[in-house]
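Enquirer: need a structure here:
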Amino acid sequence: MEMCWVDKVKKAGVHSVPLTPILQDQETERLIAELQLDDLELIDACEYSAYGRKQAILDQLFDKTLIVFQNHIQELTTEAKLCFENETDLCLTGIVGYNDALNNERKYDTLKKTWKSWQTIYTTTDISDFNSQLGFIKDAATVNEFDSVQDYWEALLDFPGAYEQADAFWDSISPFYAKLQKFVRERLFKYYKLQHETNEIPAYLIGGQFGTDWSSIADIILPHPQLHYDAESYLKYKSIEDMYKYAENVTSKLGLGALGANFWENSIFNSSICGSHLLEFCDQAYSQLITCKQTSWSVYLDVQETALRVALNNLDYSSIPRQNLRYNAIDDAVQKLGSLLAIESLDYHGIVDAPTNQTDDDPAQMTKRLLTALRLMPGLPYSLMADKWRMEAIEQNNTNLADSWWKYRKDYSGVAGIENNEPEYLEDSRIVSNRPHLNQFFGTLVAFQIFMYYKERAGSQYVVNEFEQEEFVTLLRRRHTTEWPFLLTNQYGLDVRADELLSYFAPLEQYFESAPTEQVAIVTPTTTTTTQAPTTKAQLVTKDNYVLNDQPKPKVRASEAKKVVEEADSHVAMYVGVAGLDTIEALRELSTFYTENTLQARRNLRSQIEKRNLDINQHFLESFRVVKDSFDSVYTDIAEMNKSIQEMTHQLHNAKSQTKKLLQKTSALQDAKERIETHQDVTRSFLQKFQLQPEDLVALYGDAKKLDRPITFDTFRALAKVQEIHGNCKVLMQAGLQTLALDIMEQMTMHQEGPSGNPAPIEMRAHDAQIYVTDMLVWINRAIPVEKQNLQLLVKSCNSQGLDAILNDALANICEGICQPLKIRIEKILNVPNQPSTLYAIVNMLRYYKKCINKLVKGGQLEDTLSELMLKSEQVFLDLLRQQINGLLVRVEAPPRDLSPTSAISHLLAVLRDMLSTASMSEGRETDMVKIAATILEPLLRAVNEQASRLPPTDMAVYLLNCMYSMYTCLSMYEFMEERLERLQAQSDAQIDTLTSEQASSLVANLNLGPIYTILQDHCQDALSGVPGMEPSNLRNFLVKLDNLSTQPDSILLPQIGLLLSSKHKKAVQKRSFAVLLAIYRQLYDAVHNPVNHYENPAEILSKTPDELNKMFE
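Expert: Numbering: from 1, shown residues only. Sure thing, here's the model as predicted:
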């Protein structure tokens, strides 16, 4: 059985265990050893790149030293056997036993010894061999015409700029990872009773596979271990085949189908070698699994990822060879989805009970997120640092690799060794085989993007049930023909980012702080006490009575190692760098006609290849000629069928034309019938929904035979329907049928009126505060005269002396009963949020009716209640007005570019205008208007000054003037505002002075009048004509500029002057600034015409008098 790929015996998703490389074709091996690089370039047998670059084969990559080095590393990791002093029954065989020990052992000393002993295995390896192997990557980049190893690896990733993007993503992810690392470190140190002497976690405490998967220590880390315990307990009784059946259910839900009959028939589930080892066969198009019966939580997650890998292969086995030359993040993302979906769907598969609480802060939900973080997060920093460490070592030619390795491990992963000089990196098959890690980094990010994409659709449902199968499978089928970042954007509209990962883990940051320091007790079927973690999770297999000293040294026993290649019963070839399966196939084909490696044969090689290519093309041509003849025959048959169909179509068209009018009339009648029936149904439904039925009217009004019908339950049902119809009218109004809705509402209101057409109760309009308060006050104002009249009738026969005072006291006592209900209802109205205008209307109504009621009854509790309510309503009105103003001014807006008042200021001035308009018609208008103006204007002026303080002086003056002008205009329309207007005018004058100063300075600078003015001020005895700067020519230049200014006075004004809203302000600034200029000109004019200064023909120098210039400026 021929295997299609080289390094495919993998422990799913985490670690590769490469097979011993065996060249299948001895002639090919000899040819590779003898050919020089120039000869290989003639072959041109490895053109395979998404960028179309030529992948030249490096002869160094096939050097015996490289293959021997990799064979040596493989033999060490698969055949080594370790036993410990005083623990002769505890031995570890191979990398699988080593990883099992780190994952399951819970004794600190044993873990430390195991890890340190394993690292000593590599002391038998010459590290310089690995140093030289790293150089092959740079050689491969150079031959493939890349400037650096980074560019070369990014091309293999199909993602230019990948490492720069990864650094940016890691900057956003690292804060959460640091919190996760601290959380894990503190719980590990507490469990093993260690002192917090360092911020790093010892590498031997976080499981196998270089600590890129912490799920094996979840039993120590989880604050709420119940869900993990339940899952472990359930999986303990399940076989490895059962786990793959669970996984097959997931692959089917995703649209990838079943794992296939060949997979189940050929896979070995009871091997002595544990771990998920996957063999992929291209020709037969199936995958074979080799694993043992061991089951656990970590194995369950491995199974999910391996099953997705198998299902992905089933889509297209022909694309597998490309995967070894291109590192597509989507392939890794699909496997990472296995863990994500497995953890999310534990209750879906019945592994644990479905939680009753589905909130994000539920301990079970937090445990799921934390399990996901332990599984996937440690791999992110490791993938990034493994590549950056190698690139730095290559560029700087660093020979001290172990020290720099642990520096990167500490900086990125927060993990440290014992001596920090152990060559841990030799355990990593990707590093040993010169393959990049970054695709796993991006694969994790993409997995979270796809997961969160479907989780948003799923809502509270299971994500696995919401996968759009066709969409997802299309993404996977196109991943080898389209660059995966573009494909992700095209298929899902997503750019590669870390937002979804951070969003998923965001709830954990609060959980890290609030989680209990002690693990919550695990509830078992028989007890509710806390279960203690066992010393070991599983017993290691006793192998041999071989004891190591304090510094254990590995003993390699080849006779005891189990070779995966023997179980697969096949031979595979393993190559590193840019070489792949296509190269091997090309060289094997070359061996069929290139039989002798002589100089003449090498010279004729190109012509032989071209001739063979021509023969193959000729064979294709003959084969396709037969196909073409077959297609011609099929074409003839189809043409005859087409002719018959066209004849039939023509006949049908004639028949259709003849019956067209009949069909049209029938169709029109049918449509009319359907429309009438629809209208009938709509009308019937409308009447049922918006009109009372005859029996409802009888229940409300009685009938002609029995007008005194008693009130029954039918009466209340009819009234309830009236109220329902009244509420349904809101729907009609929203639909644009306002007239119809208002008519129906009026009709229903008539049904709701009191008996014999009397008004409805006041409470029917309680929703309108103003009308509600008005109705109550009107009722009181009407009821008191009636009571007073009744009292007068009662005592009309009594002596009238002193009777008025007695009647007033009696009437006041009668009115006391209404005080408490009135106070409660109006205070309730005041406590409900209303518009300030509504509250002010209530204030005025209380003020008015208090005056009216005092004329009817003086003194008493009613008068006190009305006074108290009036004061309280005034206070509530002012408080609400202040609250509204503060809400509008809570954020200081930047003035607009035209320096006009902001929208908030304009809105407040509109509110002020409305309130003053209302207050001007009230009885206490003077007091009210002053209070309202003060309440609005004082915070408004403070906000305007705060806004203006951030502007330059000129802009500040213009902005303040515009705002004050708007305020002044608003207040000037109302009486009692004189004091406010005077204050605004004084502040405006101050800003006009500021603008005048700025404008005058600008005019002096533009006319170059500054030096002249300075000379005039400092001049003593000498004639001015001899002073530099006062020459007649210089003065004439000044006069020319002055003439231009006089003809176009707006030309050199400050731009901000044009932004003033008030033309009066603009003219004032202009007039005052020109007055300053005119004063300087007058002083200059007098000096020039003074004979003492010896100016000849002064009238020609300054031809305009100051008065003439003043008229021009006016």
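
Enquirer: Quick one: residues contacting the nearest residue to Gly1010 once chain neighbours are set aside.
Expert: Across the structure, with CB to CB, 6 or more residues apart in numbering as the measure, the residue nearest Gly1010 apart from its sequence neighbours is Val1004 (5.2 Å). Where C-beta positions appear, they are placed from N, C-alpha and C, glycine not excepted. Taking CB atoms under 8 Å, 6 or more residues apart in numbering, we find Val1004 in contact with Gly1010, Tyr1013, Leu1077, Ile1080.

Enquirer: what about the third one, which helix or strand?
Expert: Meaning Leu1077. helix 1063-1088 (DSSP states H and E).

Enquirer: Only the buried residues of the helix or strand just after that helix, if you could.
Expert: Helices and strands here follow DSSP H and E; after helix 1063-1088, the next one along the chain is helix 1098-1101. In terms of neighbour count (16 or more other CB atoms under 10 Å), helix 1098-1101 has its buried residues at Pro1098, Ile1101.

Enquirer: tell me how far helix 1098-1101 is from the chain's mean position?
Expert: Counting by CA atoms, centre = their mean, to the nearest Å, helix 1098-1101 is centred 77 Å from the centre of its parent chain.

Enquirer: And for stretch 397-404?
Expert: On the basis of CA atoms, centre = their mean, the separation between the geometric centre of stretch 397-404 and that of its chain is 40 Å.

Enquirer: One more: stretch 1091-1102?
Expert: Distance, centroid of stretch 1091-1102 to centroid of chain: 79 Å (CA atoms, centre = their mean).

Enquirer: Endpoints of that stretch, how far apart?
Expert: Distance across stretch 1091-1102, first residue to last, is 14 Å (CA to CA, to the nearest Å).

Enquirer: residues in contact with Val464?
Expert: Contacts for Val464 (CB under 8 Å, 6+ apart) come out as Val250, Lys253, Leu254, Leu341, Glu344, Ser345, Tyr348.

Enquirer: Burial check on Asn831, number of neighbours?
Expert: Asn831 has 9 neighbouring residues, counting by other CB atoms under 10 Å.

Enquirer: And the contacts of stretch 328-341?
Expert: Residues from elsewhere that reach stretch 328-341, judged by CB under 8 Å, 6+ apart: 12-13, 157-159, 247, 250, 301, 304-309, 312, 323, 372, 375-376, 439-440, 442-448, 450-451, 463-464, 475-476, 479-480, 484, 487-488.

Enquirer: tell me which residues in it are buried?
Expert: By neighbour count with 16+ other CB under 10 Å, stretch 328-341 contains the buried residues 328-341.

Enquirer: Go through those residues and flag which are in strands.
Expert: Assigned to strands by DSSP state E, none of these qualify.

Enquirer: Need the max-distance pair from these.
Expert: Every pair in those was compared (CB to CB); the two farthest apart turn out to be Asn328 and Leu341, at 19.9 Å.

Enquirer: Now do the end-to-end distance for stretch 849-865.
Expert: When the termini of stretch 849-865 are compared using CA to CA, they are 12 Å apart.

Enquirer: List of residues touching it?
Expert: Among residues not part of stretch 849-865, those counted as contacts by CB under 8 Å, 6+ apart are 777-778, 780-781, 784-785, 788, 808-809, 811-813, 815-816, 818-819, 822-823, 866-867, 870, 923.

Enquirer: and it, how far out from the chain's middle?
Expert: Taking the mean C-alpha point of stretch 849-865 and that of its whole chain, the gap between them comes to 64 Å (CA atoms, centre = their mean).

Enquirer: can you offset everything so residue one is 765?
Expert: Fine by me, first position is 765 from now on; the one you just mentioned is stretch 1613-1629.

Enquirer: I'd like the average pLDDT over it.
Expert: Along stretch 1613-1629, the predicted local confidence has a mean pLDDT of 84.

Enquirer: picking up where we left off before, from the buried residues of stretch 1092-1105, which is closest to Pro966?
Expert: Looking across the buried residues of stretch 1092-1105 and measuring by CB to CB, the closest to Pro966 is Ser1103, at 24.8 Å.

Enquirer: Quickly note the distance from the closest one to Ala982.
Expert: Ser1103 sits at a distance of 13 Å from Ala982 (criterion: CB to CB, to the nearest Å).

Enquirer: same check, this time on Pro1659
Expert: Counting by CB to CB, the separation of Pro1659 from Ala982 is 59 Å.

Enquirer: And Gly925, by the same measure?
Expert: 36 Å.

Enquirer: With Pro1796 instead?
Expert: According to CB to CB, Pro1796 stands 98 Å off from Ala982.

Enquirer: if you count what's nearby, which of these two comes out ahead?
Expert: Residue environment comparison for Pro1796 versus Ala982 gives the larger neighbour count to Ala982, 22 against 16, counting by other CB under 10 Å.

Enquirer: so the more buried one makes contact with Leu1065?
Expert: No: with contacts counted by CB atoms under 8 Å, Ala982 stays clear of Leu1065, the gap being 10.5 Å.

Enquirer: any residues in contact with both of these two?
Expert: Looking at what touches both Ala982 and Leu1065 (by CB under 8 Å, 6+ apart), there is no common residue.

Enquirer: Pull the contacting residues for the closest residue to Leu1725 other than its chain neighbours.
Expert: Excluding its sequence neighbours, the residue lying closest to Leu1725 (CB to CB, 6+ apart) is Gln1755, at 4.9 Å. Listed by CB under 8 Å, 6+ apart, the contact partners of Gln1755 are Ala1721, Leu1724, Leu1725, Met1728.

Enquirer: residues touching the last one, list them.
Expert: To tie it back to what came earlier, the one meant is Met1728. Contacts for Met1728 (CB under 8 Å, 6+ apart) come out as Val1708, Leu1748, Gln1751, Ser1752, Gln1755.

Enquirer: so what pLDDT did it get?
Expert: What the model reports as pLDDT for Met1728 is 89.

Enquirer: Within the helices and strands, which one has it?
Expert: Element membership of Met1728 [criterion: DSSP H and E] is helix 1717-1735.

Enquirer: Give the buried residues for that helix.
Expert: Applying a neighbour-count criterion of 16+ other CB under 10 Å, one finds 1718-1732, 1734-1735 buried in helix 1717-1735.

Enquirer: first vs last residue of stretch 1819-1838, how far apart are they?
Expert: Across stretch 1819-1838, the straight-line distance between its terminal residues is 16 Å, by CA to CA.
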